[in-house]
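>>> how would this look folded up:
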Amino acid sequence: MTIRSATEARTSATAAIIEITMPREEDYFEIGNLIISSHFKQVGQGTVNLTWSVPPSAERKVIGYEVQYAEAGEKEAKWKTIQFRGPKSTAVLDDLKSDTEYLLRITTTLYNNAKTESGQFKFKTPRIDANPIQKVDVIYSHDISSVKLQWVLEPHIHKDKVAGYDVYFTDNKDHPDAQWQFVRVDSAEGSLSLDNLSESTVYYVRVNVRNHDGTVIRAPSIYKFATIDSSKYKESASESNSLSYKNIEIGKVEISWTYPRRILDSVVGATILYTNRKNLSSDQWQRLSIPDSKNTSIILTNLQPGTRYTVQILPELYTGEFAYADMEQFEMRVDREEDQQLNRGPPLVRPPERFQQMKAAEKEFLRIISCNPDAIISGCAWDEQCIARVEDSKKGWCISNSLKDAILNS
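The predicted structure follows:
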């Protein structure tokens with residue numbers, strides 16, 4: 001190629017000569033079958049995988065690629081570049097944002113330093129909504145067909161703005177949303193009891209957050225749990241946790257327990273939860289961690305005298321998971337001061353010190369305990385009175401003061 005400079009008056013006598021080597025026909029090819037796949041776990045955190053193909057005749061001639069990408073829509077695109085050698089036609093982009101449109105171009109370098117450009121591609125990363133739910137716990141009960149769900153909000157969700165929750169559950173996650181069962185929770189407290197479930201069945205749950213302003217934060221995550229098999233439950237019922245307790249002094253009780261034999265080799269410890277207000281959510285119960293599976297007794301202190309406490313023993317397995325299916329819930333009663341005074345009496349009247357078997361806690365129904373109206377220690381709680389029966393004055397019932405007043409005033 002010869003290049004001369006010229007004006008209207010004259011043409012230069014000298015010329016610059018440039019030699020250009022044109023690529024051969026077989027060096028021309030286009031990148032085809034560009035496949036873009038992405039995986040985003042959270043907003044701003046994800047990867048995009050690029051895979052493309054070149055003609056078989058050109059595969060051995062490729063010595064490297066250059067991938068350039070930039071956000072679309074910017075006045076001046078800020079192109080980022082990835083260069084790598086070798087014929088492998090794949091690349092990973094790990095600094096892209098979700099719900100964003102990008103421009104992409106790929107340049108191929110051949111063995112003779114010839115370069116071919118792919119042209120410009122455009123793609124958009126998926127939109128990922130931040131999950132409002134941090135975790136969901138499943139609490140099993142003695143009723144095989146019922147479970148209690150408790151969940152915790154992510155820190156970026158303001159609880160004072162939450163009006164309630166929309167809970168969806170199903171035993172077939174492939175069903176369309178309209179076929180999932182729906183339960184509306186009109187409370188900011190994250191808990192719900194599900195009844196009439198099928199035994200030995202896997203269920204899927206999604207919890208959406210409903211705000212006071214009417215907006216709904218849809219949870220992208222779906223949680224699953226399995227209900228208990230009744231046959232296995234009956235087999236393990238005879239070997240369930242055996243708990244007992246002993247009042248040591250005012251406000252101090254020692255409890256003892258055993259683990260079911262079938263999980264004994266897998267247990268590495270336990271979490272003890274206890275409260276005198278069963279209506280509180282489990283995260284508000286007092287708890288103690290037992291890191292040693294051989295330690296099966298502990299002393300609870302600062303308890304309120306004359307009060308019934310509910311105790312849960314939650315075994316922890318070597319996998320780091322909790323054995324919720326083997327969790328047991330029991331009740332115990334803390335002695336009042338007069339009970340302890342009687343225990344410190346003369347040897348002839350002091351009852352023998354012994355562990356008392358805990359009573360398994362039942363559902364939230366009205367419970368009335370029998371008592372002896374003539375006994376010094378009636379066995380009733382501090383806020384109850386032993387009322388003699390009409391048919392037998394030597395036997396009575398522990399009636400709470402509030403229930404007695406309600407009956408008298410009705």
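>>> name the element residue 206 belongs to?
strand 202-211 (DSSP states H and E).
>>> partner strands of that strand and their direction?
Applying DSSP bridges to the sheet, strand 202-211 is found paired with strand 162-170 (antiparallel), strand 216-217 (antiparallel), strand 223-226 (antiparallel).
>>> my guess is residue 33 contacts residue 50, does it?
No: the criterion here is CB atoms under 8 Å, and residue 33 misses it with residue 50 at 11.3 Å. Heads up, the C-betas are built off the backbone N, CA and C, glycines and all.
>>> these two - which one has more neighbours?
Using other CB atoms under 10 Å as the criterion, residue 33 and residue 50 rank with residue 50 on top: 22 against 9.
>>> if we ignore the residues flanking it in sequence, what's nearest that one?
residue 91 (4.6 Å; CB to CB, 6 or more residues apart in numbering).
>>> also residue 145?
Excluding its sequence neighbours, the residue lying closest to residue 145 (CB to CB, 6+ apart) is residue 197, at 5.1 Å.
>>> check which helix or strand covers residue 36.
strand 32-42.
>>> by contact count, what packs against the helix or strand following that strand?
Tracing the chain C-terminally past strand 32-42 and defining elements by DSSP H and E, one meets strand 45-53 next. For strand 45-53, the elements it packs on are strand 32-42, strand 90-93, strand 101-110, judged by 3 or more CB pairs under 8 Å, 6 or more residues apart in numbering; DSSP states H and E.
>>> what mean pLDDT does stretch 321-331 have?
Mean pLDDT, stretch 321-331: 81.
>>> how far does that stretch sit from the chain's center?
The chain centre lies 18 Å from the centre of stretch 321-331; the measure is CA atoms, centre = their mean, to the nearest Å.
>>> how about it: buried residues?
323, 325, 326, 327, 328, 329, 330, 331 (16 or more other CB atoms under 10 Å).
>>> what's the span of it, first residue to last?
Here the two ends of stretch 321-331 are set 25 Å apart, with distance taken as CA to CA, to the nearest Å.
>>> go on, stretch 136-149?
From its first residue to its last, stretch 136-149 covers 7 Å (CA to CA).
>>> and for stretch 107-118?
6 Å.
>>> and stretch 287-294, what's buried?
Using 16+ other CB under 10 Å as the burial criterion, the residues of stretch 287-294 that qualify are 290, 293.
>>> contacts for that stretch?
By CB atoms under 8 Å, 6 or more residues apart in numbering, the residues outside stretch 287-294 that reach it are 259, 264, 267, 268, 269, 270, 271, 272, 273, 274, 298, 300.
>>> under the pLDDT cut-off, which ranges of this structure? List them.
Counting by pLDDT under 70, the chain contains low-confidence residues at 1-32, 41-45, 141-144, 230-243, 338-370, 376-383, 401-410.
>>> can you list the domains in it?
25-124, 133-230, 239-342, 366-410 (automatic domain parsing).
>>> the third one: how far from the chain's middle?
With CA atoms, centre = their mean as the basis, the distance from the averaged C-alpha position of domain 239-342 to the chain average is 24 Å.
>>> ok, the second one next?
The chain centre lies 11 Å from the centre of domain 133-230; the measure is CA atoms, centre = their mean.
>>> quick check: phi and psi at residue 160.
phi -70, psi -10 (degrees, to the nearest 10).
>>> swap in residue 161?
With angles defined as degrees, to the nearest 10, residue 161 sits at phi -90, psi -10.
>>> go on, residue 324?
Dihedral pair for residue 324: phi -60, psi -30, per degrees, to the nearest 10.
>>> for it, what are its contacts?
Each residue near residue 324 by CB under 8 Å, 6+ apart is listed here: 137, 138, 139, 140, 314.
>>> please, which helix or strand holds the nearest residue to the third one once chain neighbours are set aside?
In this structure, residue 139 finds its nearest non-sequential neighbour in residue 148, 4.3 Å apart by CB to CB, 6+ apart. Under the criterion DSSP H and E, the helix or strand holding residue 148 is strand 147-153.
>>> give me the contact list for that strand.
Applying CB under 8 Å, 6+ apart, the external contacts of strand 147-153 come out as 132-141, 159, 162, 167, 190-194, 197, 205, 207, 209, 225, 227, 281-283.
>>> only the buried residues of that strand, if you could.
Across strand 147-153, burial judged by 16+ other CB under 10 Å covers 147, 148, 149, 150, 151, 153.
>>> partners of it, with directions?
Strand 147-153 has the following strand partners under DSSP bridges: strand 133-140 (antiparallel), strand 191-194 (antiparallel).
>>> from the rest of the structure, what touches the first one?
Spelled out, that is strand 133-140. 147-155, 205, 207, 209, 219, 221, 223, 225, 228, 282, 324-325, 327.
>>> show me where the stretch 151-300 of the chain has its strands.
162-170, 181-185, 191-194, 202-211, 216-217, 223-226, 244-249, 252-256, 267-275, 286-290, 297-300 (DSSP state E, counting those that start in this stretch).
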